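1. give me a 3D structure for the following:
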Amino acid sequence: MMPEKENRTKQGHGGLKLTIRLDDITPDMNMEKFRRFSGLMDAHGIKPLLGVVPDPKDPSLDYTGGDEMSKKARRERFWTMIRQLQMQGYQVAMHGLTHVYTTSVSGLFPLNRQSEFAGRPYEEQAEMIRKGKEILSSHGITTDIFMAPSHTFDKNTIRALLENGFTKMTDGFGTRAYRYLGMVFYPISFLRRKSVERAQRERGEGSKEHSVTLVVHTNTMNDKDFAAYEQIFKTCAFLPYDAL
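-> Numbering: from 1, shown residues only. Coordinates of the predicted model:
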């Protein structure tokens, strides 16, 4: 998705910088892998964006396995951790409401044909977004950034987000932030390898405005993935997400 005759933000001319977003952050995620990746980022001074699902109901995101901790205790531990990470400089995005796909509409960003939001009436979407923001607020989390599950949303989603105080979305193509329908979009990397190779070539050059976000799902990472990201962190220039 690209902006349709709306103003882009000021364009810079420096080398490509990278940022990190972590999707599917829930109380039932693979906490061991999340902590391992967080430790790797912390070692390199990288402050990411966390896509927190306010009311997770997608069974595919449950990685608790044989965890004997009660569901209530696990959630209390989770929200404490998110507040602590936010105080340490991690940013939080609202990653949908439940992460349950209810339509097969791809919406404005043509990557997937499954959505929690795209294709649903405006009133339903507005209520979902209001409820998600309320849940985050009840746990002491405030944000104006939205992360659509499966990258799928439509014009009604944007309208509902703006009505509920959201001003930014992590999605879109390109390497510079732009404004579309009143929302500021921060592009994601479509092909990680190409983004990383470019960032490696241009490391040491100027402007922070020239950047793209790598999308990470820690739940499904393996040792090879961790090793790859460790090398990326060593060889590329990164921005904290709040510097975009």
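2. looking at this structure, which residue lies furthest from center?
-> Among residues of the chain, the one most distant from the C-alpha centroid is Glu68; the distance is 29.0 Å, by C-alpha atoms, centre = their mean.
3. any idea how far Arg74 is from that residue?
-> Plainly put, Glu68 is 10 Å away from Arg74 if you go by C-beta to C-beta, to the nearest Å. Where C-beta positions appear, they are placed from N, C-alpha and C, glycine not excepted.
4. can you pull out the strands in the protein?
-> Under the criterion DSSP state E, the chain contains strands at 17-25, 49-52, 91-94, 145-146, 168-170, 178-180, 183-186, 211-216.
5. in TSV: these, plus mean pLDDT.
-> Formatted as TSV, these follow (pLDDT from 0 to 100):
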stretch	mean pLDDT
strand 17-25	97
strand 49-52	98
strand 91-94	98
strand 145-146	98
strand 168-170	98
strand 178-180	96
strand 183-186	97
strand 211-216	97
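6. can I get those strands in CSV with distance to Lys224 and mean neighbour count?
-> As requested, these are exported to CSV (distance: least, C-beta to C-beta, whole Å; neighbours: other C-beta atoms under 10 Å):
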stretch, distance to Lys224, mean neighbour count
strand 17-25, 18, 24
strand 49-52, 23, 27
strand 91-94, 27, 23
strand 145-146, 30, 26
strand 168-170, 25, 22
strand 178-180, 34, 18
strand 183-186, 28, 22
strand 211-216, 14, 22
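7. export those strands as TSV, with columns for distance to Leu161.
-> Compiled in TSV, those are given as follows (distance: least, C-beta to C-beta, whole Å):
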stretch	distance to Leu161
strand 17-25	17
strand 49-52	15
strand 91-94	9
strand 145-146	5
strand 168-170	7
strand 178-180	12
strand 183-186	7
strand 211-216	18
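8. closest to His139 out of those strands?
-> strand 49-52 (9.1 Å; C-beta to C-beta).
9. pLDDT below threshold where in the protein?
-> Residues of the chain meeting the criterion pLDDT under 70: 1-13, 206-209.
10. recalculate using a threshold of 50.
-> For the chain, the stretches with pLDDT under 50 are 2-12.
11. please enumerate the helices of it.
-> Remark: helices assigned in the chain by DSSP state H are 31-43, 71-87, 122-138, 155-163, 192-201, 223-235.
12. can you say which of those is packed in most?
-> Burial among those, expressed as mean neighbours by mean count of other C-beta atoms under 10 Å, is greatest for helix 155-163, which shows a mean of 20.
13. other SSEs contacting that helix?
-> Secondary-structure packing of helix 155-163 (3 or more C-beta pairs under 8 Å, 6 or more residues apart in numbering; DSSP states H and E): helix 122-138, strand 183-186.
14. many thanks, we can stop here.
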